[in-house]
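Novice: Make a model of this:
(chains A and B)
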2 protein chains.
Amino acid sequence: MTIQVLAFDVFGTVVDWHSGVAREVDALNLAVSAAEFALQWRAGYQPAMARVRSGELGWTKIDDLHRLILDELLQRYGITHLSETQISRLNSAWHRLDPWPDVLPAFERLKKRHVVCSLSNGNLSLLTHMGKWGGLPWDCILSAEVFHAYKPDPRAYLGVAEVFSVAPSEVLLVAAHQDDCDGARQAGLQTAYVERPREFGQGQVKPCPRHASNTFHSTDLLDLADQLGC
Amino acid sequence: MTIQVLAFDVFGTVVDWHSGVAREVDALNLAVSAAEFALQWRAGYQPAMARVRSGELGWTKIDDLHRLILDELLQRYGITHLSETQISRLNSAWHRLDPWPDVLPAFERLKKRHVVCSLSNGNLSLLTHMGKWGGLPWDCILSAEVFHAYKPDPRAYLGVAEVFSVAPSEVLLVAAHQDDCDGARQAGLQTAYVERPREFGQGQVKPCPRHASNTFHSTDLLDLADQLGC
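Specialist: Model prediction:
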């Protein structure tokens, strides 16, 4: 069991999307709860990707799916006074999300023995801008966009192994979401679940149960680095 | 004329492939000139990609094209004593090429105002390993592999603009090869030619004439950073 490549889910696993999005909503002084707006925006994410998976939409970048959801949300909340520039800027809030505090020191350790790459449904430019924003030292940015397949489509997971010319079992998918781990395991990858109990904000605690099917269960990425001997 | 993205050719432009490959050939103590062997290996590169472009070969990674050329070269030179491990290791010499001395300080300056990405015919894993080897702080690694089109196919150049949702003219292709600049210009990109007179080793000086068709002509990447005001 040699792990060559660590492929990270990003939203929630590497970066704190809830507080980052809520911060930018809050700055616009809308007559809505910024925390609730962020949750509603994220709630549109899986249904939007499902429209691509089903073929209803052709291949569509997450930036564009985020915009579809945002336009619906603004309409639902009756927010009509924002300019196109403001809406476009708000849509790119997902490019300006901060990493959880353990990420940068953990990445420095993990990079010494492994390839550290993203495997996010976020598009390449979103991930690139986010990397610059947060100083994420990715060895390589991979995205569903490269494989034209949104996780948990097995083509996304297997694509990482193909890119690095390794067996699927030599790739460790790291995610704070059990469905992502399940998809990766079914494609033959190893999996590490990471606890992110505050993914949905300070108002609630996300349960992070231990599943025997995961190769690793970690409280954060420093804990994972310990377990990997990095 | 706003340049958002700097897309770099890699072999010869960012890294010194000749001395890097020759170093690893030399270490094997073969009865050949390491400098000549490196030149012959590189000489097989365009013909190998032409077999992919023509459809004779399906999509094939540069790692695999390098191996095809290497196997032919070893046969031509009558070198039969290397083990599979040695040949495989030699083939990955292209993953361990050093950047030219100006690259790291220039990248730090260029990254502050632009997205700095690769656009190489080299495959993603090759570029990832090379980045780790040389400490290249890419914002994003793009490759012909992402677009399944080898430069100078316009799909490779236009793919960069599509990834970053910018106009082709907002992408600057940086290369030490005029044919690469020509391909990029024909696709609507801006171009920067970089002089690398020692690309083919110390034994010869590559002519680096100034072409009026390029947006910039630079003696090295620090000179380009000066010209871009970075």
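
Novice: And the helices in chain A?
Specialist: Listed in chain order, the helices found in chain A under DSSP state H are A:17-27, A:34-43, A:45-53, A:62-76, A:84-91, A:103-111, A:124-134, A:144-147, A:154-163, A:178-186, A:221-227.

Novice: Check which residues of the helix or strand bottoming out on mean pLDDT in chain A are buried.
Specialist: None of the helices or strands of chain A scores lower by mean pLDDT, DSSP states H and E than helix A:45-53, at a mean of 93. Across helix A:45-53, burial judged by 16 or more other Cβ atoms under 10 Å in any protein chain shown covers A:Tyr45, A:Ala48, A:Met49, A:Val52. C-beta: built from backbone N, CA, C; applies to glycine.

Novice: Report the residue spans of chain A with pLDDT below the cut-off.
Specialist: Judged by pLDDT under 70, chain A has its weakly predicted residues at A:1.

Novice: what residues go with each domain of chain A?
Specialist: Here the domain parsing of chain A from automatic domain parsing is A:5-16+A:97-227, A:17-95.

Novice: Figure out the length between the terminal residues of the first one.
Specialist: Spelled out, it's domain A:5-16+A:97-227. 15 Å (Cα to Cα, to the nearest Å).

Novice: again, but for the last one
Specialist: One end of domain A:17-95 sits 10 Å from the other (Cα to Cα).

Novice: ok, that domain near chain B or not?
Specialist: Yes - against chain B, domain A:17-95 shows contacts by Cβ under 8 Å from any Cβ of the partner chain at A:Lys61, A:Asp63.

Novice: I'd say A:Trp193 and A:Ala176 touch.
Specialist: For residue A:193 the amino acid is Tyr, not Trp. Yes - applying Cβ atoms under 8 Å as the test, A:Tyr193 and A:Ala176 come out as touching, 7.1 Å apart.

Novice: Which of the domains of chain A has the highest mean neighbour count?
Specialist: Scoring the domains of chain A by mean neighbour count under mean count of other Cβ atoms under 10 Å in any protein chain shown gives domain A:5-16+A:97-227 as the most buried, with a mean of 20.

Novice: Check whether it comes near chain B.
Specialist: Yes - interface with chain B: domain A:5-16+A:97-227 contributes A:111, A:115, A:117, A:123-125, A:127-129, A:131-132, A:137, A:139-142, A:145-146, A:163-165 (Cβ under 8 Å from any Cβ).

Novice: Check the offset of that domain from the chain's centre.
Specialist: Its chain's average C-alpha position is 7 Å from that of domain A:5-16+A:97-227, according to Cα atoms, centre = their mean, to the nearest Å.

Novice: just to revisit the earlier point, common neighbours of A:Tyr193 and A:Ala176, please.
Specialist: Common neighbours of A:Tyr193 and A:Ala176, using Cβ atoms under 8 Å, 6 or more residues apart in numbering or on different chains, are A:Cys208.

Novice: For A:Thr193, which non-adjacent residue is spatially closest?
Specialist: Just to correct that, residue A:193 is Tyr rather than Thr. Leaving aside its sequence neighbours, A:Tyr193 sits nearest to A:Asn214 (Cβ to Cβ, 6 or more residues apart in numbering or on different chains; 4.7 Å).

Novice: where's that neighbour relative to chain B, distance?
Specialist: Distance, A:Asn214 to chain B, using Cβ to the nearest Cβ, to the nearest Å: 26 Å.

Novice: in terms of contact, does that residue touch A:Thr191 like I think?
Specialist: Yes - shown here, A:Asn214 and A:Thr191 form a contact pair, counting by Cβ under 8 Å, at 4.7 Å.

Novice: Common neighbours of these two, please.
Specialist: Taking Cβ under 8 Å, 6+ apart as the criterion, A:Asn214 and A:Thr191 both touch A:Cys181, A:Arg185.

Novice: distance of A:Gln75 from A:Leu28?
Specialist: 16 Å (Cβ to Cβ, to the nearest Å).

Novice: Please apply the same query to A:Thr80.
Specialist: Counting by Cβ to Cβ, the gap between A:Thr80 and A:Leu28 amounts to 13 Å.

Novice: List the residues that contact the nearest residue to A:Pro105 once chain neighbours are set aside.
Specialist: Distances taken as Cβ to Cβ, 6+ apart place A:Leu222 nearest to A:Pro105, at 6.5 Å, with adjacent residues excluded. A:Leu222 makes contact with A:Asp102, A:Pro105, A:Ala106, A:Arg109, according to Cβ under 8 Å, 6+ apart.

Novice: contacting residues for the closest residue to A:Ile3 other than its chain neighbours?
Specialist: In space, A:Ile3 comes closest to A:Leu172 once its chain neighbours are excluded; the distance is 4.8 Å by Cβ to Cβ, 6+ apart. Listed by Cβ under 8 Å, 6+ apart, the contact set of A:Leu172 reads A:Ile3, A:Val5, A:Leu6, A:Ala7, A:His114, A:Leu189, A:Gln190, A:Thr191, A:Ala192, A:Thr215, A:Phe216.

Novice: can we see that at 7 Å?
Specialist: A:Ile3, A:Leu6, A:Ala7, A:Leu189, A:Gln190, A:Thr191, A:Ala192, A:Thr215 (Cβ atoms under 7 Å, 6 or more residues apart in numbering or on different chains).
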